[in-house]
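**Student:** I would like to see how this sequence folds:
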Amino acid sequence: MLYGSIEAGGTKFVCAVGNEDLEILHRESFPTTVPAETMAKVIAFFKKFETELVGIGIGSFGPIDIHEESPTYGYITSTPKLAWQNYDFVGAMKKEFSVPVAWTTDVNAAAYGEYVFGHGKGLDSVVYYTIGTGVGGGAIQKGQFVEGFSHPEMGHMLIVPHEDDSYKGNCPFHGNCLEGMAAGPAIEKRLGKKGADVPESDPFWTIEADYIAQCVYNTTLMLSPDVIILGGGVMKQQHMVKKVHEAFTNLMKGYVKTPSLDEYIVTPALEDNAGTMGCLALARKVALSA
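**Tutor:** As a prediction, the model looks like this:
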């Protein structure tokens, strides 16, 4: 038996299959262009394993429709990627493969990967943020995604601009939301270069850490999770975790007692594999419950 994983990001799709122990056996990635082109490559990838495939997990960029009773369940809905608006993702896969399909957001999938295999293993409450090209967040409570009328859009929480930051924000909807102020494109538009090219000594990183710490502060007071995991390209800056710890401590001012920050505010144990592992685990879950 093989389980399939589709990590559908705004820049690229990562497809993989894993065995019963969820060990990754094969993986390929394709640029995210238009549905006809990208999905043809996705389907061709899984056709090679069709006779052994028993379930597929999809973690997709969004917004997406997560409600199974909805006529547009399985659709990517009002995404800014115009070619993908109102695209029936789950329907397209079900036309080709007669196996159960798990469907969630890309950041929920990463959260689930960490919940099953990483820093969330054995814990009841896990929150995962990805801070990269965009900012997204997912939360898990006792094995279930925290959702309501839709999935969370935590990356668009409003934050207080830093006193040394005159930038007004990159988000066309909210300006100074977390994504508008702290995502990769906001860094590049503010500084004229990508975050990876900004030296550790640059004072901007103190501002960035403050914005991420505001996110962690808000999350702590709203959800009191066991762990908050910060992924994405921005958090690959090794110095950022310590800066976020310091900024969070200054914001919280001892109001609530959290776990040790070295265990409470962390980067992903699975690194770039969190989404793929989460999708495989969701594929196994949906296959076993079918």
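
**Student:** just the buried residues of stretch 143-163, please?
**Tutor:** For stretch 143-163, burial by neighbour count (16 or more other C-beta atoms under 10 Å) applies to 145-146, 151-159, 161-162. Placement of C-beta: from N, CA and C, glycine included.

**Student:** swap in stretch 259-268?
**Tutor:** For stretch 259-268, burial by neighbour count (16+ other C-beta under 10 Å) applies to 261, 264, 265, 266, 267, 268.

**Student:** same check on stretch 33-40?
**Tutor:** Buried positions in stretch 33-40, judged by neighbour count with 16+ other C-beta under 10 Å: 35, 38, 39.

**Student:** now the closest residue to residue 86 other than its chain neighbours: how far from residue 90?
**Tutor:** Spatial nearest neighbour of residue 86, chain neighbours left out: residue 75 (6.0 Å); criterion: C-beta to C-beta, 6 or more residues apart in numbering. Noted for residue 75: a distance of 8 Å to residue 90, by C-beta to C-beta, to the nearest Å.

**Student:** in terms of neighbours, single out the busier of the two.
**Tutor:** Counted by other C-beta atoms under 10 Å, residue 75 and residue 90 do not tie: residue 75 has more neighbours, with 24 against 21.

**Student:** got TSV for the buried residues of stretch 143-163, with distance to residue 273 too?
**Tutor:** TSV is the format used below for the buried residues of stretch 143-163 (distance: C-beta to C-beta, whole Å):
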residue	distance to residue 273
145	20
146	23
151	22
152	23
153	24
154	22
155	21
156	26
157	27
158	32
159	29
161	35
162	33
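
**Student:** where does the residue lying closest to residue 252 once chain neighbours are set aside sit, in terms of helix or strand?
**Tutor:** Leaving out its chain neighbours, the residue that sits closest to residue 252 by C-beta to C-beta, 6+ apart is residue 217, at 6.1 Å. For residue 217, the element it lies in under DSSP states H and E is helix 204-223.

**Student:** same deal with residue 281?
**Tutor:** Taking DSSP H and E as the definition, residue 281 sits inside helix 274-289.

**Student:** tell me what that helix is packed against?
**Tutor:** If you count contacts as 3 or more C-beta pairs under 8 Å, 6 or more residues apart in numbering; DSSP states H and E, helix 274-289 packs onto strand 2-8, strand 12-18, strand 24-31, strand 53-60, strand 101-105, helix 106-117.

**Student:** please repeat the previous calculation with a cut-off of 6 Å.
**Tutor:** Packing partners of helix 274-289 (3 or more C-beta pairs under 6 Å, 6 or more residues apart in numbering; DSSP states H and E): strand 2-8, strand 12-18, strand 53-60, strand 101-105, helix 106-117.

**Student:** buried residues in it?
**Tutor:** 274-287.

**Student:** adding pLDDT and distance to residue 51, write the residues you listed out as JSON lines.
**Tutor:** Conversion of the buried residues of helix 274-289 to JSON lines gives the following (pLDDT from 0 to 100; distance: C-beta to C-beta, whole Å):
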{"residue": "274", "pLDDT": "97", "distance to residue 51": "29"}
{"residue": "275", "pLDDT": "97", "distance to residue 51": "26"}
{"residue": "276", "pLDDT": "98", "distance to residue 51": "22"}
{"residue": "277", "pLDDT": "98", "distance to residue 51": "24"}
{"residue": "278", "pLDDT": "98", "distance to residue 51": "25"}
{"residue": "279", "pLDDT": "98", "distance to residue 51": "20"}
{"residue": "280", "pLDDT": "98", "distance to residue 51": "18"}
{"residue": "281", "pLDDT": "98", "distance to residue 51": "22"}
{"residue": "282", "pLDDT": "98", "distance to residue 51": "21"}
{"residue": "283", "pLDDT": "98", "distance to residue 51": "16"}
{"residue": "284", "pLDDT": "98", "distance to residue 51": "18"}
{"residue": "285", "pLDDT": "97", "distance to residue 51": "22"}
{"residue": "286", "pLDDT": "97", "distance to residue 51": "19"}
{"residue": "287", "pLDDT": "97", "distance to residue 51": "15"}
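
**Student:** okay if I get those as CSV plus distance to residue 256?
**Tutor:** As requested, the buried residues of helix 274-289 are exported to CSV (distance: C-beta to C-beta, whole Å):
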residue, distance to residue 256
274, 27
275, 30
276, 34
277, 31
278, 28
279, 33
280, 35
281, 31
282, 32
283, 37
284, 36
285, 33
286, 36
287, 40
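
**Student:** report the two of those residues separated the most.
**Tutor:** For the buried residues of helix 274-289, the farthest-apart pair by C-beta to C-beta is 274 and 287; their separation is 20.4 Å.
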